[in-house]
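Participant: One predicted model, sequence on top.
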Amino acid sequence: MQTVRDAAGETYLLVKRSAESSRIRDPATGEERYVDNDQLSVVDGESPLATAASGVPAPVRRTLGAVRDDRSLGLLAVVVDEGPIAAIDLLDAVDMCESDLHGTIAEFRAAGLIEEVDVAGRRGYEAAPVAVDALGLLRGDAGDE
């Protein structure tokens, strides 16, 4: 596979090339169609895997990079649904030891998914808009990229 652009500047994945036409795939929809070869140019230096991933909304891609298992996804969902939430209340609400909780929270903060906030005078966490959007998309809600 290769990354290609059409005459309008849209990026696609080249699936198959024949003498006169090529089959291309839209990374956002997965739909394939044939176009004339003279309408396409190869994009050098752009990974076809990165192009394929570009069809997934940016908030979801960011979340997938930070979530490593169902428990961490569940933690993010709790913060999205119940936040802002004090750290002490979060520790009581989840089935993680304190070090696992803080490690996962640190990963989410580094990814920009949650933010540290003050909750009734205590340290707490609130979901960043990108996390809210991502969970909405993963749950099947309409959302912005």
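Facilitator: Good, I have the coordinates.

Participant: What's the end-to-end length of stretch 40-52?
Facilitator: End-to-end span of stretch 40-52 (C-alpha to C-alpha, to the nearest Å): 17 Å.

Participant: Buried residues of it, list them for me.
Facilitator: 40, 43, 48, 51 (16 or more other C-beta atoms under 10 Å). Where C-beta positions appear, they are placed from N, C-alpha and C, glycine not excepted.

Participant: what residues does the helix or strand of the chain with the lowest mean pLDDT touch?
Facilitator: Counting by mean pLDDT, DSSP states H and E, the chain has its least confident helix or strand at helix 87-93, which shows a mean of 91. For helix 87-93, the external contacting residues (C-beta atoms under 8 Å, 6 or more residues apart in numbering) are 75, 78-79, 82, 85, 98, 101, 105, 119, 122-125.

Participant: how does it look with 7 Å?
Facilitator: 78, 98, 101, 122-125 (C-beta atoms under 7 Å, 6 or more residues apart in numbering).

Participant: which non-adjacent residue is nearest the residue lying farthest from the centre of the chain?
Facilitator: Centroid-distance maximum for the chain: residue 19 at 36.9 Å, with C-alpha atoms, centre = their mean. Spatial nearest neighbour of residue 19, chain neighbours left out: residue 37 (7.9 Å); criterion: C-beta to C-beta, 6 or more residues apart in numbering.
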